[in-house]
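Q: Need a 3D model of the following:
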Amino acid sequence: MKLHKVWSWVALAFITGVVWESGYSQAPSNLTYTVIDLGGLRTDGTGTSEAHAIDSQGDVVGVADADTGFQHAFIWKPDTGMIKDLQLFGNGQFTAGGDNSAAYGISYAAAGNGNSTAIRYIVGEGNPPALSTGNEHALYLGPAGLVDLNGTGNFSSGPLSAASAVNTNGVATGWAVKADNVGYFAFRSMGSTLQDLGTLPGGNLSVGVAINNLGDVAGSSDDTNGISWGVIWSHSGGIPVKISGMTTATGINDHGLVVGRLNATVGDGVEAVYSLGSGGAVPLAALSNLSCVAWGVNNHGQIVGATGSGTVIRSPGITTGVFATLWNGSNSVVDLNTRITAAGWHLATAEAINDAGQIVGAGFHNGIKRAFLLTLPPTISSPTVAPGELLPAGGTVTISAVVSNNLAATPVSADLSGAGASTVTLAAQPDDFYSGTFNAPANPSTNTQTYTVNLHAGSGPNTAVGTITVDGISSGLLKVSSTNLVFKTTTVGKKATLAFKLQNAGPLHSAPLRIKINGPFTSFGLLAFKSQLPASSRATVAADGSVWLSLARGKTAVVTITFQPFSKLLVGDQLTISSNATGQPPLVVKFSGSGK
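A: Below is the predicted model:
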């Protein structure tokens, strides 16, 4: 693969532009990743594979050994858990019928913002049948099908090209040999339209390696002295901006954070560095003073790459002496092998990380080089029970939480332990919100039942929510003094009040009643009815606007309705009053009035 021949230098990590995003909940040191072997393309199950990119949906692309004896581009999708040969993708072949191919970039654009449906873009390189083996062209797979980018513009006569990355707008970057076969140059493309990004003044070589969703490209260019520098090409155009002290840039996020490498000698090889603004290169934390390289960065500023002794290169040349590495900040470095428990794995290089924290790369599984996907378990936060007070027998309560990192759609459940224990499944809502409803027993076996609520995703650990207490059997009896309140004609804009009484008329020693009042507590039409409950009734307002109060045996609560007409129209409404009184249906209090 010619792209690897251009990229595979001894490397260091650096970042430039902005600091890590504050407030992001980064992976704690004791959190364990699930590791997935993405498999291979050979039908006998043998052969190597390596992953190069992952999109926001968890789809992964890379390259793997095929039955043909060549290497083919692949895609792996989490909904099927299966690897697919992109050589046979859709109606055409990723190499237009050739032998070798590889996929280096993938992006996903959701429906909306001009897209009638979701769109997925894939870029890489392939060997068309008209060329000899080893002469790859940049390939672009989008809504219009497969496009050979080598046949456009001033790149049309060049024998070699490769596309390295693509953003969610379908804009790709890479490199290509120019028509005169002198040097190679970075490009930015939209479909088959290519833009030569040029070089630093006097330079002859440039490579586009990464692109963000604004269209900014990060890569490298030589100068008039033939020295390679990390550079950024702005989406607004102009000559590339040199990053002092950097040999090449390998990743860029939407905040302008750039990662890359710098040739330097420390210990056995090189050290990782980063730069903030124009301040030059500053070391990233290293593992045991070893060489390291950064390959990718997400929008939270998390960086992935590899660490090892001596030369650290991209996945074609990895060994078990190289360790996949995660940086959560300039001084926070993690050997990802310490974050997995799966047997038989050595994670060698981490190539990309998406905003959900999923990491892809290559390692060795039972001695075979394989593409891997690391996924954090779903994380549950902000668990709530609403309303949190006592429930009447037969009442309902909503259990909810925010569940992040659940790209695999792991079922989320609430376990309620106690008498008549049960499980509530929480349904996925927008923005990582999950909710479900618990229905309290209509005829509980005891006066009061308390449930302890714990949430979990799949077989993951429990997250404590709290308790739910259900009022049990009650021989209380709810009475209302009036079921129909009619206001006298009231001057428009003035207020009038009427009241009715609620009484727990249960027998001696009966339990208190838990009473719920549903009704109009805001304006209705041109009239405003307001319920005013005395403080002595210990009334509370639930999330749904209903009013709850407890009423001991023999006690009375006064409910006052305030009427303020805004016109002369006659209008009315009603309150529905329910309780945990055994066998008693809800009571209805109607009221009406008009203005003058």
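Q: Give the bridge partners for Gly126, please.
A: Ser101, His137 (DSSP bridges).
Q: swap in Val480?
A: Leu502.
Q: what's the answer for Val424, then?
A: Beta-bridge partners recorded for Val424 (DSSP bridges): Ala414.
Q: just checking, it touches Pro411?
A: No. Applying Cβ atoms under 8 Å as the test, Val424 and Pro411 come out as separate, 11.3 Å apart. (Each C-beta comes from the backbone N, C-alpha and C, glycine too.)
Q: ok, the two, which is more surrounded?
A: Legend: neighbour count by other Cβ atoms under 10 Å for Val424 and Pro411, higher for Val424 (20 against 15).
Q: Let me see the contact set for the residue positioned nearest the centre of the chain.
A: The centre of the chain sits closest to Ala356, judged by Cα atoms, centre = their mean, with a distance of 4.1 Å. Counting by Cβ atoms under 8 Å, 6 or more residues apart in numbering, Ala356 touches Ser56, Gly58, Leu376, Ser404, Asn405, Leu407.
Q: Tabulate these (JSON lines), appending neighbour count.
A: Listed next are the contacts of Ala356 as JSON lines, based on neighbours: other Cβ atoms under 10 Å:
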{"residue": "Ser56", "neighbour count": "17"}
{"residue": "Gly58", "neighbour count": "19"}
{"residue": "Leu376", "neighbour count": "19"}
{"residue": "Ser404", "neighbour count": "14"}
{"residue": "Asn405", "neighbour count": "18"}
{"residue": "Leu407", "neighbour count": "17"}
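Q: re the thing from before, the residue nearest to the centre of the chain and Arg261, how far apart?
A: 26 Å (Cβ to Cβ, to the nearest Å).
Q: what's in contact with the helix or strand that contains Ala427?
A: According to DSSP states H and E, Ala427 maps onto strand 422-428. By Cβ under 8 Å, 6+ apart, the residues outside strand 422-428 that reach it are 399-401, 403, 406, 409, 411-416, 434-438, 455.
Q: Now the buried members of the residues you listed.
A: Among the contacts of strand 422-428, those classed as buried by 16 or more other Cβ atoms under 10 Å are 399-401, 403, 406, 412-416, 434-436, 438, 455.
Q: Please identify which of those residues is nearest to Val360.
A: Using Cβ to Cβ, Asn406 comes nearest to Val360 of those, at 18.3 Å.
Q: mind listing what Asp335 touches?
A: Neighbouring residues of Asp335 by Cβ under 8 Å, 6+ apart: Leu287, Thr307, Phe323, Ala324, Thr325.
Q: 6 Å instead, please
A: Leu287, Phe323 (Cβ atoms under 6 Å, 6 or more residues apart in numbering).
Q: List phi and psi for it.
A: Note on Asp335: its backbone torsions stand at phi -80, psi 110 [degrees, to the nearest 10].
Q: ok, it to Trp327 distance?
A: Applying Cβ to Cβ, the value for Asp335 to Trp327 is 11 Å.
Q: Gly203 now?
A: Taking Cβ to Cβ, one finds Gly203 at 30 Å from Trp327.
Q: same question, Thr398
A: Using Cβ to Cβ, Thr398 is found at 40 Å from Trp327.
Q: Pick out whichever of the two has more residues nearby.
A: Ranked by neighbour count (other Cβ under 10 Å), Thr398 and Trp327 place Trp327 first, with 27 against 16.
Q: Three-state assignment for the more buried one, please.
A: With DSSP: H, G, I helix; E, B strand; the rest coil as the basis, Trp327 sits in strand.
Q: Can you give me the distance of the residue lying closest to it once chain neighbours are set aside to Val293?
A: Of all residues not flanking Trp327 in the chain, Ile303 sits nearest, at 4.1 Å (Cβ to Cβ, 6 or more residues apart in numbering). Remark: distance between Ile303 and Val293 (Cβ to Cβ) = 10 Å.
Q: re earlier: show me whatever sits in contact with both of Val424 and Pro411.
A: By Cβ under 6 Å, 6+ apart, no residue touches both Val424 and Pro411.
Q: So what's the residue count around the nearest residue to Ser221 once chain neighbours are set aside?
A: Sequence neighbours aside, Ser206 is the residue nearest to Ser221 in space, at 4.0 Å (criterion: Cβ to Cβ, 6+ apart). Neighbours of Ser206 under the rule other Cβ under 10 Å: 26.
Q: How about Trp76?
A: Residues near Trp76, counting by other Cβ under 10 Å: 24.
Q: Pretty sure it sits against Ile83.
A: Yes. Judged on Cβ atoms under 6 Å, Trp76 makes contact with Ile83 at a distance of 4.8 Å.
Q: Would you mind listing the residues touching both of those two?
A: Leu38.
Q: all strands of the stretch 51-200 of the chain, in order?
A: With DSSP state E, counting those that start in this stretch as the criterion, the stretch 51-200 of the chain has strands at 60-65, 71-77, 82-85, 101-109, 119-126, 137-142, 145-148, 161-166, 171-177, 184-190, 193-196.
Q: just checking, Gly238 is part of a helix?
A: No. According to three-state DSSP, Gly238 belongs to no helix; its state is coil.
Q: Report the separation between it and Ala218.
A: Counting by Cβ to Cβ, the gap from Gly238 to Ala218 is 15 Å.
Q: Name the residues linked to Thr248 by a beta bridge.
A: Bridge pairing for Thr248 (DSSP bridges) gives the partners Arg261.
Q: gap between it and Asp222?
A: Taking Cβ to Cβ, one finds Thr248 at 10 Å from Asp222.
Q: Between the two, which is the more surrounded one?
A: Counted by other Cβ under 10 Å, Thr248 and Asp222 do not tie: Thr248 has more neighbours, with 25 against 19.
Q: Might you list the low-confidence residue ranges for the stretch 101-250 of the chain?
A: Scanning the stretch 101-250 of the chain for pLDDT under 70 picks out 128-134, 151-159, 179, 181, 191-192.
Q: how about the CA coordinates for stretch 335-351, as PDB?
A: Only the C-alpha atoms of stretch 335-351 are listed here, as PDB (Å, rounded to 0.1, in the frame of the first residue of the first chain):
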ATOM      1  CA  ASP A 335      -1.200   1.400  28.100                       C
ATOM      2  CA  LEU A 336      -4.500   0.100  26.700                       C
ATOM      3  CA  ASN A 337      -3.400  -3.400  27.400                       C
ATOM      4  CA  THR A 338      -3.900  -2.600  31.100                       C
ATOM      5  CA  ARG A 339      -7.600  -1.800  30.400                       C
ATOM      6  CA  ILE A 340      -8.700  -5.100  29.000                       C
ATOM      7  CA  THR A 341      -9.300  -8.500  30.600                       C
ATOM      8  CA  ALA A 342      -9.800 -10.600  27.500                       C
ATOM      9  CA  ALA A 343      -7.300 -13.500  27.200                       C
ATOM     10  CA  GLY A 344      -4.900 -13.900  24.300                       C
ATOM     11  CA  TRP A 345      -4.700 -10.200  23.300                       C
ATOM     12  CA  HIS A 346      -1.800  -7.800  22.800                       C
ATOM     13  CA  LEU A 347      -3.000  -4.400  21.600                       C
ATOM     14  CA  ALA A 348      -0.200  -2.900  19.500                       C
ATOM     15  CA  THR A 349      -1.400   0.300  18.000                       C
ATOM     16  CA  ALA A 350      -4.500   2.500  18.400                       C
ATOM     17  CA  GLU A 351      -5.300   4.200  15.100                       C
END
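Q: That stretch: which residues count as buried?
A: Residues of stretch 335-351 classed as buried: Leu336, Arg339, Ile340, Trp345, His346, Leu347, Ala348, Thr349, Ala350, Glu351 (neighbour count, 16+ other Cβ under 10 Å).
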